[in-house]
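Peer 1: A predicted structure for the sequence below; I have some questions about it.
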Amino acid sequence: MGSLWDEEQNNHFFTTATLASSQKILDLLADYSMTQTLPKDTPTLQASSTGNWTRPDNMFCMEHTSEYLALCNTDLDNRGPNMDHLPILTKLDLIVSAAPSLPALNYREVDWKKFNNKLKVKLGCIGPSRLLATREEFQEAARGLEGALQNTVAEEVPKTRLHLHKKRWWTKDLTKLHNDLKMLSKASHSFRAIPDHPSHRMRKEKVTKYDKAIRTRKKDHWINRLEDATGNDLWITNKYITNPAGDGGKTCIPTLVTKDNEGNATTATSNESKSEVFAKTLFPPPPSKISCPTGLRIPRTGFPMVRHHR
């Protein structure tokens, strides 16, 4: 059944055991009317040892959702360094009202020498330094100074759109390395059938350089942050240091509080008791009485039913 999504060159994976296991998946897909959205022969993993491309990951959706599917494919451009799996990009054609993304001023990319020279020119247009004797003169000078600053900022400070997932330690050099790696990844993937093609070696070298640059930039960023930490930043920094490394999610499922048959509150602290709570909640027992008419047959759609006889 792996031939429904994997390439024929990987038919050595289609053993009797795997075919039997995949039949269970096909039965569930047919029962719930689900279709495969990731096109066949689209590899999702490259083995680190052999370089062979396989398809251990897949994407499915309900039939009533497939009409909104605009794209489902692997995102080779965003394959990170030292990653064997490819991210899967899924686009849905849905009308969602999103909040407008307003541009922000990027002071990190300012050429301050050019900025100061232009500000001096604009300040010179206000007039020479003089003693401000009245309230009106002070307000006029303040408006002139504010206008000179705002005009210089508008002309010399570049604008950028904020990204929710952009890292504070990211730099232009990393962006260039990332773009170079994207081009080499495309070339390496195009020549994946030629093991000794130079694009594979060039990609590995670029991955090593990209990974080293990221680690160095992260280290320098956090060293500077620790050296400049003051006030409330010390508490936030302490939380970062003391917490275990991870993606920011919970390290474990918290204690669950449920009620037994008599209405008494009980707590689940161990993995076994938490699993039982989830099993009872997500998979309740079938009803005692079935309302469906006797002999009703529901047609199955989606993947064909294939039976293997030994």
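Peer 2: Yes, it's here. On a predicted model such as this, the values are computed, not experimentally measured, just so you know.
Peer 1: any idea where the strands of the stretch 201-310 of the chain begin and end?
Peer 2: Counting by DSSP state E, counting those that start in this stretch, the segments of the stretch 201-310 of the chain that form strands are 256-259, 265-268.
Peer 1: identify all contacting residues around the last one.
Peer 2: With CB atoms under 8 Å, 6 or more residues apart in numbering as the contact definition, strand 265-268 has outside contacts at 255-260, 274, 276-277. For every residue, glycine as well, the C-beta is placed using N, CA and C.
Peer 1: confidence-wise, which of those residues comes last?
Peer 2: Looking at the contacts of strand 265-268 by pLDDT, the weakest one is Asp260, with 81.
Peer 1: so what's that residue closest to, chain neighbours aside?
Peer 2: Spatial nearest neighbour of Asp260, chain neighbours left out: Thr266 (5.5 Å); criterion: CB to CB, 6 or more residues apart in numbering.
Peer 1: then Asp211?
Peer 2: Spatial nearest neighbour of Asp211, excluding adjacent residues (CB to CB, 6+ apart): Pro81 at 4.0 Å.
Peer 1: roughly how far does the one you found sit from Gly124?
Peer 2: From Pro81 over to Gly124 the distance is 51 Å, taken as CB to CB, to the nearest Å.
Peer 1: which of these two has more residues huddled nearby?
Peer 2: Using other CB atoms under 10 Å as the criterion, Pro81 and Gly124 rank with Pro81 on top: 18 against 10.
Peer 1: surely that one and Lys212 touch.
Peer 2: No: counting by CB atoms under 8 Å, Pro81 stays clear of Lys212, with 9.0 Å between them.
Peer 1: just to revisit the earlier point, among the contacts of strand 265-268, the buried ones, what's the PyMOL command?
Peer 2: Buried members of the contacts of strand 265-268 can be picked out in PyMOL with the line below, counting by 16 or more other CB atoms under 10 Å:
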select buried, resi 274+277
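Peer 1: make a markdown table from the contacts of strand 265-268 and add distance to Lys218 to it.
Peer 2: Converted to a markdown table, the contacts of strand 265-268 look like this (distance: CB to CB, whole Å):
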| residue | distance to Lys218 |
| --- | --- |
| Thr255 | 34 |
| Leu256 | 36 |
| Val257 | 39 |
| Thr258 | 42 |
| Lys259 | 47 |
| Asp260 | 49 |
| Lys274 | 35 |
| Glu276 | 41 |
| Val277 | 39 |
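Peer 1: and which of the contacts of strand 265-268 is nearest Ala99?
Peer 2: Nearest to Ala99 among the contacts of strand 265-268: Leu256, at 35.0 Å, using CB to CB.
Peer 1: so which residues of the protein form helices?
Peer 2: Remark: helices assigned in the chain by DSSP state H are 16-31, 63-66, 112-126, 135-156, 172-190, 198-228, 233-242, 271-282.
Peer 1: what packs against the first one?
Peer 2: Applying 3 or more CB pairs under 8 Å, 6 or more residues apart in numbering; DSSP states H and E, one finds that helix 16-31 makes contact with strand 34-36.
Peer 1: distance check, the spatially closest residue to Thr171 that is not a sequence neighbour against Thr44.
Peer 2: Computed as CB to CB, 6+ apart, the closest residue to Thr171 that is not its neighbour in sequence is Arg217, at 6.3 Å. For Arg217, the distance to Thr44 (CB to CB) stands at 29 Å.
Peer 1: higher neighbour count, these two?
Peer 2: Thr44 (20 against 16).
Peer 1: please report how far the residue nearest to Asp211 lies from Ser48.
Peer 2: Pro81 is 12 Å from Ser48, where distance means CB to CB.
Peer 1: what is in contact with those two at once?
Peer 2: Common neighbours of Pro81 and Ser48 (criterion: CB under 8 Å, 6+ apart): none identified.
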